[in-house]
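A.B. asks: Okay, structure incoming, though there's no sequence with it:
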């Protein structure tokens, strides 16, 4: 169930966020929800050993619920090595 949330942000931040959302094909609501979801789920995880450039990517990619990592790796290796 979605619930409405009102945020107060600087106008410039909002405008930049709208541009970013449009460029990435997402809504502001999706971005905020994703940020909060990732922020709260990271509390129990230890990311200090992950390169900061990689850490920035965490939460940016959403995979389908039926994504099969084994199948994806298999297809990748088949293509890479011509198997």
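C.D. replies: Here it is on my side, so go on. From a predicted model like this one, the values you see are computed outputs, not experimental measurements.
A.B. asks: show me the contacts for the residue nearest the centre of the chain.
C.D. replies: With distances taken as Cα atoms, centre = their mean, the chain has residue 60 as the residue nearest its mean C-alpha position (1.9 Å). Residues near residue 60 by Cβ atoms under 8 Å, 6 or more residues apart in numbering: residue 34. For the C-beta atoms, the positions are set from N, CA and C on the backbone; glycine is no exception.
A.B. asks: Tell me the spacing between residue 7 and residue 62.
C.D. replies: 22 Å (Cβ to Cβ, to the nearest Å).
A.B. asks: just the helices in this structure please.
C.D. replies: 11-24, 28-41, 52-55, 69-81 (DSSP state H).
A.B. asks: Please convert these to a markdown table, extending it with mean pLDDT and distance to residue 2.
C.D. replies: Below are the helices of the chain laid out as a markdown table (pLDDT from 0 to 100; distance: least, Cβ to Cβ, whole Å):
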| stretch | mean pLDDT | distance to residue 2 |
| --- | --- | --- |
| helix 11-24 | 92 | 17 |
| helix 28-41 | 86 | 8 |
| helix 52-55 | 79 | 28 |
| helix 69-81 | 90 | 29 |
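A.B. asks: Ok, which of those helices comes nearest residue 3?
C.D. replies: Residue 3 lies closest to helix 28-41 among these, at 10.7 Å (Cβ to Cβ).
A.B. asks: and that closest one, what does it pack onto?
C.D. replies: helix 11-24 (3 or more Cβ pairs under 8 Å, 6 or more residues apart in numbering; DSSP states H and E).
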